[in-house]
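Visitor: quick check, what structure comes out for this input:
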Amino acid sequence: MNPAHILVVDDNPTNLKLLTATLKYAGLRVATAPDAETALELLQQTAFDLILMDVELPGMDGLTFTRLLKATPTLCHIPIIAVTASAMKSDEDRALSAGCAGYITKPVDTRTLPGQIGAFLTRPAAAGN
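Guide: Numbering: from 1, shown residues only. Predicted structure coming up:
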């Protein structure tokens, strides 16, 4: 079985490097995009099993991009996990309302991230996200 393929969308190079290294160490395949436009190009070329989406992106923000992806029949099945420094309950509610399957706060705990990702990858597709 092939390892899961994760798309990390984040405009911060340090965050991209940390998330990529952590996920690769856990045996996952990882691609990165610094913005929604680049991510959309990658999504049109490659199949991904999960997207880690920074909420604050340049240009189109992560929640707007999530809504766009969830409205696209060929992409709506991919679980999207919001990743943000905003830790208020209302921020989590906004992310879930936009179509995110979950919410991870920054700074990301590299010890627990692979398990969090694994939990989303093993959810049945019928769960909605």
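Visitor: my guess is residue 81 meets residue 50, correct?
Guide: Yes: contact criterion Cβ atoms under 8 Å: residue 81 and residue 50 qualify, at 6.7 Å. From N, CA and C alone the C-beta is placed, and that goes for glycine too.
Visitor: those two: which is more packed in?
Guide: residue 50 (24 against 21; other Cβ atoms under 10 Å).
Visitor: which residues touch the more buried one?
Guide: Residue 50 is in contact with 4, 6, 7, 78, 79, 80, 81, 117, 120, 121, counting by Cβ atoms under 8 Å, 6 or more residues apart in numbering.
Visitor: again, only this time at 10 Å
Guide: 4-8, 23, 28, 78-81, 101-102, 117-118, 120-121, 123, 129 (Cβ atoms under 10 Å, 6 or more residues apart in numbering).
Visitor: any common contacting residues for residue 81 and residue 50?
Guide: Common contact partners of residue 81 and residue 50 (Cβ under 10 Å, 6+ apart): 6, 8, 101, 102, 117, 120, 129.
Visitor: helix, strand or coil for the first one?
Guide: Okay, so that is residue 6. When classified by DSSP: H, G, I helix; E, B strand; the rest coil, residue 6 comes out as strand.
Visitor: in contact with the closest residue in space to residue 110 that isn't next to it in sequence, which residues?
Guide: What sits nearest to residue 110 in space, not counting adjacent residues and going by Cβ to Cβ, 6 or more residues apart in numbering, is residue 22, at 4.5 Å. Residue 22 is in contact with 8, 28, 30, 108, 109, 110, 111, 112, 113, 114, 117, counting by Cβ under 10 Å, 6+ apart.
Visitor: pLDDT value on residue 22, please?
Guide: Looking at residue 22, its pLDDT is 96.
Visitor: check residue 52 too.
Guide: Looking at residue 52, its pLDDT reads 98.
Visitor: the one 5 residues further on too?
Guide: On pLDDT, residue 57 comes in at 95.
Visitor: residues near it, how many?
Guide: When neighbours are defined as other Cβ under 10 Å, residue 57 has 22 of them.
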